[in-house]
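Here is my input, please return the structure:
(one chain, ligands or ions: 1)
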Amino acid sequence: MSTHIYFGGFAALAIALATYFIFTGRSSLPSYIPGPPSPSWIAGNAVQIVNEQEKAGDLEFSWFKRYGATIKIKGTFGTDILMTSDAKALQYILLTSAYRFYKAPELCIALDAMGGPGISTVNGADHARQRKVVNMSFSETQLLYQSIKTSGNVVNMDLWFGRAALDALGKAAFSYDFNALTDPENSEMGHILHHFHDSTPSTSRRLRVGLWALEKIPPLRNLLAYFPGEVHKRFRHFQDACMKFSLPLIDEAKKMVDDSTKDMLSVIVGANQSENPNRRMSDEELICQAPHILTAGQGSTTSTLAWTFYYLSHDPETQEALRQEINEVIKRVGPEEPFSVHDYDGMALLNAVVKEALRLHPILAAIPRQAEFDEIIPLSEPIITENGEKIYQIPVKKGQHIQCAAHGYNRNPVIWGPDAQEWNPKRWLNKPDMQYSVGVYGNTLSFGGGVRNCIGWRFAVMEMQCLTTEMVKKFRYEPSVDTKKVLPWPGFITTPRMKGRFHEGPQMPLIVTPI
Ligand code: HEM
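Below you'll find the predicted structure:
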C-alpha cells in the first residue's frame, strides 16, 4: 500500500516539476534588484541561511551591508524571493496591506505538520474568523507564574525558563498543570517541547524540495501521515499529547454555564459558542488551537528570556541598576504585595532590557509572505542601480514570495543607529518616535506586525516582565566557562545552543548565586 502511495507521489512530483519548468519563467523580480549569488539551484540561498552560518542573522547582515536593505535571493528551483529590511516596505507589506499578503504557504505547511490547521496557518477570511474568537482569550487572561527554584551553581537557564514558561502557559491558557517545574522528570510536555526543534531541518535540501512539492501538489500532503522521519514522529507525539489534555478541557468548557474559569481555552470555547453559527470554529479548528498556542508561546518566550539573562550576566552594571529599580517598586508597593501590570509597565529599565533582548534575538529570522495580488512595494532606502538611478518602488506579481527580514530590520543601522549590532538597553530610555510603524512592542519585528502579528505579545511581555523581575530580585548572574560557546542557532526558530553540541538541545549555562 505505502509503496504505491510513494510511487504515486514521486510520479506526481515529476509531472509537477516538468510542468513548472515548461510553463513558468525563472525570474519574477526586476533585474535591477541586487542580491547574493545562489550556491544551489535546487535549494537556493534559503538553505544557506540555516546551514552556513553559526549565528542567526550574520549571513543576512552581510548581504544587506553589501547590497542594500532590499535584495533578491533564490528559493527552491531558482525561484526569486524578495528579502527586505526596509521599514517602509515592511510597514506596507505587514500593516497597510493586511490580507493582501498571505502567510507564505511553505511555512503554513510546516506549521500544519506540527500542530494541525489552527490560527497560525490559516489565511484571509478564515484567519480573521479564528483570530476574532482567539483574541478574546488574550484580553481576559491573568498571568500566572511559578515560584522560582534552582538546583545548583551553574544553571541551564533555557531549560529552567522553558519549564517556567510551559507551566505559566498551562495555567493561563488551559487551567492545566504540566508540572514542568515541580516534576520535570515526568512532565511529558516539558520533554517534548524542550527538544521540539532539535534537528528540525528547515535546513536540508530534501526538506526544501519536499515543502516545495507539498505546496505545488496539495494532494501529496496526504502522504505526510506515512512519513517515517524522526521530526515527523516528534510532531505526531506532540499532537497526540495535546489531544490528550485538551479534548476533556474543551468538552468541559462547552458544558460550562458560568464564565468563572478565565483560561484562554475556555474563553475561546465560550466565545465560539456565542458566535454566529456560520462563523463558528469547527471542533477540529478548536482542537488545533492548543498545539498552536503551545508551539507559538513556549519556545519563543523561553529563548528570549535566556538571551535576556545572557546579556545581564555580561552587563553587571545594568543588572545592578535593574535590581535597584525593582527594589524601589518593592519599597513603594510593600514587600509582600505583588506588582501590578501598571507597576511593571512603569519600570523603564526593565522594559528597556526586555525590548533590547527581543530586538537582538527575534525568534523568527524572517516573516514569510506571499503577494495575493500584483503590488507596488514602496521603499524608504532606495535601490541604486548600476547606472546610479535610485529606485523607490518595486513592482511585484501575484504569488511573489517575500521574506520580511526580522534580524535585518531589528539591526538596521539606518533605523537603530551605528551601534545597532550592540547590546545597549539605554537606547530605549529616551527613544524618539520612529518614522514608520512596523511592530507592536518597541517597533521591532520580533512579534511580527499587522493583522497577524503575535496574538500573545502582551501575554509574553507580562511573562517576561514578571520572570525577569523575580529572577533578578532573588539571584545574581555571571557567565560560566561555557557561556561564550552559546550561539543563536538558526533553526526553525532561533534557539541558544552550544557550539558543536546542537543535539543536546537549547542551553544557556550561567552561574547563578542567591542574593
Ligand atoms: C517572546 C515571545 C514571543 C515571540 C517573539 C513571538 C513571535 C511571534 C511572531 C513573529 C508571530 C508572527 C508570525 C507571522 O506573522 O508569520 C507570532 C504569531 C503568533 N504568536 Fe507569538 N511570540 C511570542 C509569544 C507568544 C505567546 C506567549 C503566545 C501564546 C500564549 C503566542 C501565540 C502566537 C500565535 C497564536 C500566533 C499566530 C497569530 C496569527 O497568525 O494570527 N506567541 N508570534
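
Please count neighbours and contacts with C-alpha atoms only from this point.
OK.

ok, and for whichever strand or helix holds G270, which residues are buried?
Assigned by DSSP states H and E, G270 falls within helix 264-274. Within helix 264-274, the residues scored as buried using 16 or more other CA atoms under 10 Å are 264-272.

what does the stretch 251-400 of the chain have sitting close to the ligand?
292-293, 296-297, 300-301, 304, 362-364, 367 (CA under 6 Å from any ligand atom).

for the stretch 401-515 of the chain, which spans come out with low pLDDT?
Counting by pLDDT under 70, the stretch 401-515 of the chain contains no low-confidence segment.

How about the residues of it by the ligand?
Proximity of the stretch 401-515 of the chain to the ligand (CA under 6 Å from any ligand atom) is limited to residues 446-448, 452-457, 459-460.

Among these, which lie within helices?
457, 459-460 (DSSP state H).

Closest to the ligand out of the residues you listed?
Among these, A460 lies closest to the ligand (CA to the nearest ligand atom), at 4.3 Å.

And the average pLDDT for the longest strand along the chain is what?
Secondary structure of the chain read by DSSP state E shows that its longest strand is strand 375-384. Strand 375-384 shows a mean pLDDT of 97.

picking that back up, helices and strands around the helix holding G270, which ones?
Contact here means 3 or more CA pairs under 8 Å, 6 or more residues apart in numbering; DSSP states H and E; on that basis helix 264-274 packs against helix 124-140, helix 157-174, helix 230-255.

what's the angle from the longest one to helix 264-274?
Spelled out, it's helix 230-255. Relative orientation of helix 230-255 and helix 264-274, computed by axes from the mean of the first three to the mean of the last three CA atoms, to 10 degrees: 60 degrees.

pretty sure P34 is touching I71, no?
Yes. Contact criterion CA atoms under 8 Å: P34 and I71 qualify, at 5.4 Å.

Where does the spatially closest residue to E337 that is not a sequence neighbour fall, secondary structure wise?
Distances taken as CA to CA, 6 or more residues apart in numbering put I330 closest to E337, at 7.8 Å, once the chain neighbours are dropped. Using DSSP H and E, I330 sits in helix 316-333.

Have a look at this structure and report the helix or strand with the lowest mean pLDDT.
helix 2-23 (a mean of 58; mean pLDDT, DSSP states H and E).

picking that back up, the following helix or strand past the longest strand of the chain packs against which elements?
Under the assignment DSSP H and E, the closest C-terminal helix or strand after strand 375-384 is strand 390-396. Secondary-structure packing of strand 390-396 (3+ CA pairs under 8 Å, 6+ apart): strand 375-384.

If you count neighbours, what's buried in the strand it packs on?
Using 16+ other CA under 10 Å as the test for burial, strand 375-384 gives 375, 377-379, 381-384.

SS state for the residue of the stretch 51-200 of the chain found nearest the ligand?
Nearest residue of the stretch 51-200 of the chain to the ligand: S120, at 3.8 Å (CA to the nearest ligand atom). Using DSSP: H, G, I helix; E, B strand; the rest coil, the structure places S120 in coil.

can you check R476 too?
Under three-state DSSP, R476 falls in the strand class.

so the residue nearest to it when sequence neighbours are not counted is in which element?
Once flanking residues are discounted, R476 sits nearest to T513: 5.1 Å by CA to CA, 6+ apart. Assessed by DSSP H and E, T513 sits inside strand 509-514.

Report all helices and strands that that strand contacts.
If you count contacts as 3+ CA pairs under 8 Å, 6+ apart, strand 509-514 packs onto strand 154-156, helix 157-174, strand 475-479.

quick check: angle from that strand to strand 475-479?
Going by the same axes, to 10 degrees, strand 509-514 makes 150 degrees with strand 475-479.

ok, strand 509-514: who's next to it in the sheet?
Note on strand 509-514: by DSSP bridges, its sheet partners are strand 154-156 (antiparallel), strand 475-479 (antiparallel).

Surely Y99 and G124 touch.
Yes. Contact between Y99 and G124 holds when scored by CA under 8 Å: they sit 5.7 Å apart.

out of the two, which sits in the more crowded spot?
Legend: neighbour count by other CA atoms under 10 Å for Y99 and G124, higher for Y99 (22 against 14).

Quick check: the gap between that one and V122.
11 Å (CA to CA, to the nearest Å).

related to what we said a few turns ago, would you tell me what the next helix or strand after the least confident helix or strand of the chain is?
Per DSSP H and E, the first helix or strand lying C-terminal to helix 2-23 is helix 44-51.

where does the stretch 151-300 of the chain have low pLDDT?
Scanning the stretch 151-300 of the chain for pLDDT under 70 picks out 151-153, 199-204, 228, 257-262.

Taking it, what residue is nearest to the ligand?
Nearest to the ligand in the stretch 151-300 of the chain, going by CA to the nearest ligand atom, is G297, at a distance of 3.3 Å.

Work out for me the element that residue sits within.
Per DSSP H and E, G297 falls inside helix 289-314.

between that helix and helix 264-274, how big is the angle?
140 degrees.

Okay, buried residues for helix 289-314 please.
Neighbour-count burial for helix 289-314 [16+ other CA under 10 Å]: 289-313.

how deep is H191 tucked in, by neighbour count?
Using other CA under 10 Å, H191 is surrounded by 16 other residues.

can you confirm it is in a helix?
Yes. When classified by three-state DSSP, H191 is found to be part of a helix.
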